[in-house]
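Sequence and predicted structure, then a few things I'm wondering about:
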Amino acid sequence: SLALKNRSEILKLVDDYGVIDATQLQVLGKNLLDLSTQKNAIGNDPVSRDKEIDFLNYQIQEIETAKIVSENELNLSIDQLVEFTAIKDNAATVIRVVNRLNGDDGLFDQLAAAISQLPVSGRFESVKIQFNQLLDDCRSLSSELDGLAEFDDLNDERYEQLESRVFLLKNLATKYGGSLETTLAIAEECRQRLKHLISSSATLDELEEQISILKL
């Protein structure tokens, strides 16, 4: 009577009475349990898994789109930007000096006006000639200086590209651990995790198919 309260005991009595071999059924039951255990180990939440896959794809695409050359690219780009900035600042300073020398009523014009007032004869003539020669040399040097200070359109474009690149790399480094080294490492981790999830999804589909077959 006590044994009849246990469902498994009732099934065993029926099997024994009917001389039924339950070995195959027990094997099927064990297989079904093993498959269910494997399925639970992988995880049975496709919504969460799909969300994680989408997020991993987003992170991988964001990092790969940047086409990071190396883990040192940010530092090298910042150094180049600092150098370009110094060149631009120096060029602006030189241009201001050149304009002060050559501009209307600039220093050269004032010097030329002063020289013109010197006597043209006698012992002053030689000095006046030297002053005029010196003024011509100064104008020539000023022209050369002006040429050196030119920051052409190509350099302007390069400066803007470099500035944008530094901005992009800094944002990525800040978002993914503080450096390009950690950014690249996280990208690789994301690729490995994505590979695992996709593989697990395929395995899960196979397990569900096998479980369905065993339940028939």
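Nice, thanks for sending it over.

in the helix or strand where E83 lies, what's buried?
For E83, the element it lies in under DSSP states H and E is helix 73-102. Neighbour-count burial for helix 73-102, counted by 16 or more other CB atoms under 10 Å, picks out 73-74, 77, 81, 84, 91, 94, 98, 101-102. All C-beta atoms are positioned from the backbone trio N, CA, C, and that covers glycine.

Closest one to D146 out of the residues you listed, please.
V98 (4.8 Å; CB to CB).

I'd like the distance between that closest one and A92.
As defined by CB to CB, to the nearest Å, V98 lies at a distance of 11 Å from A92.

And for E157?
Counting by CB to CB, the gap from E157 to A92 is 18 Å.

G106 - how many residues pack around it?
Residues near G106, counting by other CB atoms under 10 Å, number 15.

actually L172, not the one I wrote
Counted with other CB under 10 Å, residues neighbouring L172 total 23.

List the buried residues in whatever helix or strand it lives in.
If you go by DSSP H and E, L172 is part of helix 153-175. Neighbour-count burial for helix 153-175 flags 159, 162, 165-166, 169, 172-173 (criterion: 16+ other CB under 10 Å).

swap in stretch 50-59?
For stretch 50-59, by 16+ other CB under 10 Å, it's 56, 59.

so what's F55 scoring on pLDDT?
At F55, the predicted lDDT confidence score is 94.

Tell me the secondary structure of it, please.
helix (DSSP: H, G, I helix; E, B strand; the rest coil).

swap in G177?
Following three-state DSSP, the label given to G177 is coil.

what's near enough to touch it?
183, 185-186 (CB atoms under 8 Å, 6 or more residues apart in numbering).

Let me know the pLDDT of it.
The score at G177 is 91. That number is its pLDDT.

can you check G122 too?
For G122, the predicted pLDDT is 78.

now do L35
pLDDT at L35 comes out at 54.

Ok, Q210 next?
Q210 is assigned a predicted lDDT (pLDDT) of 61.

The one 3 residues further on too?
Note on I213: pLDDT of 62.

just to revisit the earlier point, can you tell me which of the buried residues of helix 153-175 is nearest E150?
Y159 (13.7 Å).

Report the contact partners of the residue lying closest to that closest one once chain neighbours are set aside.
Nearest non-adjacent residue to Y159, counting by CB to CB, 6 or more residues apart in numbering: F84, 5.0 Å away. By CB under 8 Å, 6+ apart, F84 lies in contact with 155, 158-159, 162.

got it, and F55?
For F55, the contact set (CB under 8 Å, 6+ apart) is empty.

what's the spacing between it and N102?
From F55 to N102 the distance is 61 Å (CB to CB).
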